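[1] Task: produce atomic coordinates for the following.
(2 chains)
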Amino acid sequence: MKKAALGLALVLALGTAACSKGSDKAAKASATTSSSAPAGGTSATTTPAATGPVTDADVADVDALLHRLDTELDRLDSDMATGEGDVQ
Amino acid sequence: MNPLRKALVVVVAAAVGFAGGATGAGLRPVPAGAQQVRLDTAKRLATAAITRRVLALRELMTAAKSIVRLSDADRSALTTQLQDQVNGLTSLNAKIQGDNDEATVRADAQKIITDYRVYVLTIPKARGVVVADIELNAEDRLSKLADRLQSMIDQASGKDTTKAKSYLASLRAKLTSVTGTVSPLPASLLALQPSGYPANHTTLESARTSLRTGRQGLADAATLARQVIADLK
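    Just a heads-up that it's a prediction; the model follows:
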């Protein structure tokens, strides 16, 4: 009984540490990535070259965001195909 | 003692020991040791099921933190809902580890599914909210590009911009459609609760279809932006 509780606590602690580590990486990426980064986490207000003639590179920036969108949509499909499974 | 008698004594002693662990429910008594093993196994399975769910929820919490386009209220609501499930499952695990009989463990383990619906509802709905945010963010960017394309058209003096104007009008229409389709989704998804499952699953399906429609609209808008650029060259 205690072992199982201890096991869960350990896994949760590791999960938390991993998430925290991932968040740190994301935060660093936001701070150092160029404004043309495809991440959805990039603020819309930091989109490059907010003025001047539009180039294919500007649209490619949107394409990159759409690529990330495709990945998330595929994951949504996968999520929705998953059942709860057995718990006993 | 001859071997036969010795074996008989062992069998009788075992039978007496088993009687103490009989459940009363079955025809054959279950030894106390075996009961404990089954109880521990049920607890371990429940812990594993909870751990898988908690890790999946934490992954979505990380994704939720990358939301940039939705309102603070929507982002906060999503994060809170995910955290509430993590907290609830953690408490449920503690309860299960303290349960003293297999029937109670099984009843509590069933709550992992019925009270949370992590895989069939929470995760898809959270993912849907994240996807909606990305789509609205892309719509924002394309809208800004559309404004700049309009300036390019305005400044293209002495050039036939009929086609460019037509492409740009189509681009804006696509963006308006995307906004209309995707904007209501976060609120409708966040309203889904485990207690409403499975009836509310149709809302999830509908949202997924709308998100696919939105994605197509954005791809069309990007293509139209390229056509405007090409026409103005």
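
[2] mind giving me the domain ranges of chain B?
    Residue ranges for the domains of chain B, per automatic domain parsing: B:26-114, B:118-232.

[3] Could you measure from residue B:159 over to residue B:233?
    Between residue B:159 and residue B:233 the computed distance is 10 Å (C-beta to C-beta, to the nearest Å). C-beta: built from backbone N, CA, C; applies to glycine.

[4] Neighbour count for those two, which is higher?
    The neighbour comparison of residue B:159 against residue B:233 (other C-beta atoms under 10 Å in any protein chain shown) goes to residue B:159, with 11 against 4.

[5] show me the contacts for that one.
    Contact analysis of residue B:159 by C-beta atoms under 8 Å, 6 or more residues apart in numbering or on different chains lists residue B:232.

[6] just to revisit the earlier point, deepest-packed of the domains of chain B, please.
    Among the domains of chain B, ranked by average contacts under mean count of other C-beta atoms under 10 Å in any protein chain shown, first place goes to domain B:118-232 (a mean of 19).

[7] tell me the average confidence for that one?
    For domain B:118-232, mean pLDDT is 97.

[8] start to end distance for it?
    Length of domain B:118-232, first residue to last, C-alpha to C-alpha, to the nearest Å: 51 Å.

[9] all helices for chain B, in order.
    B:3-19, B:32-64, B:72-98, B:102-114, B:123-155, B:162-182, B:185-190, B:201-232 (DSSP state H).

[10] Reformat those as a markdown table; add distance to chain A.
    Listed next are these as a markdown table, based on distance: least, C-beta to the nearest C-beta, whole Å:
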| stretch | distance to chain A |
| --- | --- |
| helix B:3-19 | 23 |
| helix B:32-64 | 4 |
| helix B:72-98 | 5 |
| helix B:102-114 | 5 |
| helix B:123-155 | 4 |
| helix B:162-182 | 11 |
| helix B:185-190 | 11 |
| helix B:201-232 | 5 |
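
[11] Now distance to residue A:58 too, for those, in a markdown table please.
    Output for those, formatted as a markdown table (distance: least, C-beta to C-beta, whole Å):
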| stretch | distance to residue A:58 |
| --- | --- |
| helix B:3-19 | 78 |
| helix B:32-64 | 26 |
| helix B:72-98 | 27 |
| helix B:102-114 | 47 |
| helix B:123-155 | 6 |
| helix B:162-182 | 13 |
| helix B:185-190 | 27 |
| helix B:201-232 | 8 |
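
[12] Fine by me, thanks again.
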